[in-house]
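Q: Would you be able to build a 3D model of this:
(one chain, ligands or ions: 1)
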Amino acid sequence: MRGKQKSKRSGLVSKTRTPAQRQKVTPKSLKPPQARKLIRRFHVLRKKTHALVAELNQELGLKGDTTISDDKNISQQLKERFPHLYAMYNEEIRRNSTQQSVPAENAKKGIEAEQIVRSLAMIDIEIEQKGGLETYQVASMLGQDGKRGGDSSKKLVEWLTDPKGTHKLTPKGSSSLRALEIGCLSAQNCISTSGLFGEIVRIDLNSQNEALIEQQDFMERPLPKSDDDRFNLVSCSLVLNFLSSAVQRGEMLKRITKFLLPSSETNRLSALFLVLPRPCVANSRYFDGKQTIKILRALGFTLAAQHESRKLAYWLFDWRGPVDKIDPIPKREIATGPSRNNFCIVLQ
Ligand SMILES: C[S@@+](CC[C@H](N)C(=O)[O-])C[C@H]1O[C@@H](n2cnc3c(N)ncnc32)[C@H](O)[C@@H]1O
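A: Predicted coordinates for the structure are as follows:
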């Protein structure tokens with residue numbers, strides 16, 4: 001379980017090497033406005049992909065386990081199951097990838113499977129031209145830069161060591177506490193340097209340092225067979241907003257509970273550290289801080305601490321063990337206004 005496991009998906013795009021991919025250069029650094037713009041664009045492109053894949057599934061009459069997943073390598077799925085659509089995807093890639101700039105909006109609107117697949121190809125080209133997941137990560141790391149007030153895990157360590165708080169841990173060289181960091185960009189963050197944890201398992205879809213960060217999709221991490229595979233803390237900082245659908249976010253939260261040691265059995269730390277960009281709770285049509293707590297409660301958590309900074313919203317939730325039945329929490333409008341975003345998490 002703790003060995004290295006390569007993710008089956010490449011992250012944002014297909015693994016077909018196109019001329020655009022071969023030309024791809026990952027920038028070592030980016031100016032902050034450029035980084036913000038890139039992060040926003042990646043999220044838009046992921047949402048577009050999600051909507052197009054839903055249309056494609058409908059058009060092909062695919063349901064349940066047979067659906068194409070936008071969470072996995074789409075071109076690979078087409079290649080294995082729909083060779084004629086894969087041929088069109090590739091044709092579109094070949095036709096456009098030598099161009100300097102291919103905004104995904106150039107994709108023609110269409111409801112037929114062939115046109116949808118061509119639009120997916122256009123999105124993949126734009127993502128690759130922007131540098132793919134690697135560039136997204138460079139942009140995200142810029143946000144973690146201490147000089148810019150980054151590294152969200154500072155707040156976690158502050159909470160866990162607060163003498164007036166509920167946990168009051170003290171850093172020990174021989175701590176037996178174990179943490180799982182989902183979506184880890186750096187092994188030098190406070191969570192790693194605090195000395196609070198004897199072991200930290202760090203995973204990311206695209207590892208920046210394979211010696212210290214496993215390349216793994218959390219949704220494909222094998223489920224724990226025993227408590228040896230479970231953790232005292234799971235950190236999920238700025239990862240849920242990376243997922244493109246409200247259902248996937250709910251599924252990730254449900255899956256996290258399977259990796260936590262129930263505190264009632266261990267009588268010590270068993271918690272989730274959750275971070276979202278503040279606009280997800282401050283300016284969404286469908287989501288806010290109350291909804292966050294409601295969803296986490298429905299999964300068996302209790303709120304231990306929360307904080308909002310100018311850019312981020314942070315929570316620490318204690319895990320109380322599995323609930324008998326998870327009540328669904330659907331999407332519903334809670335705020336109106338044209339400038340609101342559509343961020344949401346649902347439980348099915
Ligand atoms: C915005 S970065 C956040 C990094 C860091 N946790 C932080 O707080 O700054 C999001 C990271 O989550 C990773 N990620 C997204 N979905 C994931 C998944 N299913 N499994 C593992 N990592 C994932 C992405 O690859 C990306 O590196």
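Q: show me where this structure has helices.
A: For the chain, the helices defined by DSSP state H occupy 19-23, 32-59, 74-81, 83-96, 113-129, 132-144, 153-161, 190-193, 246-257, 263-266, 279-282, 289-298.
Q: With respect to residue 207, which of the ones you listed lies nearest?
A: Among the helices of the chain, the nearest to residue 207 by C-beta to C-beta is helix 132-144 (9.7 Å). C-betas here are computed from N, CA, C, even on glycine.
Q: and the chain, which residues reach the ligand?
A: Proximity of the chain to the ligand, by C-beta under 6 Å from any ligand atom, involves residues 11, 133, 137, 140, 144, 152, 182-185, 203-206, 217-219, 237-239, 242, 275.
Q: what does the domain assignment say about the protein?
A: Using automatic domain parsing, the domain ranges for the chain come out as 19-135, 151-319.
Q: Show the contacting residues for the residue sitting nearest the centre point of the chain.
A: The residue lying closest to the centre of the chain (C-alpha atoms, centre = their mean) is residue 239, at 3.2 Å. Shown in contact with residue 239 (C-beta atoms under 8 Å, 6 or more residues apart in numbering): 182-183, 218, 252.
Q: Next one, pLDDT for the residue in the stretch 101-250 of the chain that the ligand sits nearest to please.
A: Taking C-beta to the nearest ligand atom, the ligand has its nearest neighbour within the stretch 101-250 of the chain at residue 183, 2.6 Å off. Model confidence at residue 183, given as pLDDT, is 96.
Q: Same question for residue 107.
A: On the pLDDT scale, residue 107 is placed at 52.
Q: Mind putting the helices of the chain into JSON lines with mean pLDDT?
A: Shown next, in JSON lines, are these (pLDDT from 0 to 100):
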{"stretch": "helix 19-23", "mean pLDDT": "47"}
{"stretch": "helix 32-59", "mean pLDDT": "89"}
{"stretch": "helix 74-81", "mean pLDDT": "94"}
{"stretch": "helix 83-96", "mean pLDDT": "92"}
{"stretch": "helix 113-129", "mean pLDDT": "89"}
{"stretch": "helix 132-144", "mean pLDDT": "79"}
{"stretch": "helix 153-161", "mean pLDDT": "95"}
{"stretch": "helix 190-193", "mean pLDDT": "94"}
{"stretch": "helix 246-257", "mean pLDDT": "96"}
{"stretch": "helix 263-266", "mean pLDDT": "60"}
{"stretch": "helix 279-282", "mean pLDDT": "95"}
{"stretch": "helix 289-298", "mean pLDDT": "97"}
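Q: could I get those helices as CSV with mean neighbour count and distance to residue 344?
A: Formatted as CSV, the helices of the chain follow (neighbours: other C-beta atoms under 10 Å; distance: least, C-beta to C-beta, whole Å):
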stretch, mean neighbour count, distance to residue 344
helix 19-23, 16, 32
helix 32-59, 17, 12
helix 74-81, 18, 23
helix 83-96, 18, 29
helix 113-129, 24, 22
helix 132-144, 20, 21
helix 153-161, 20, 24
helix 190-193, 18, 27
helix 246-257, 20, 4
helix 263-266, 13, 29
helix 279-282, 19, 9
helix 289-298, 17, 8
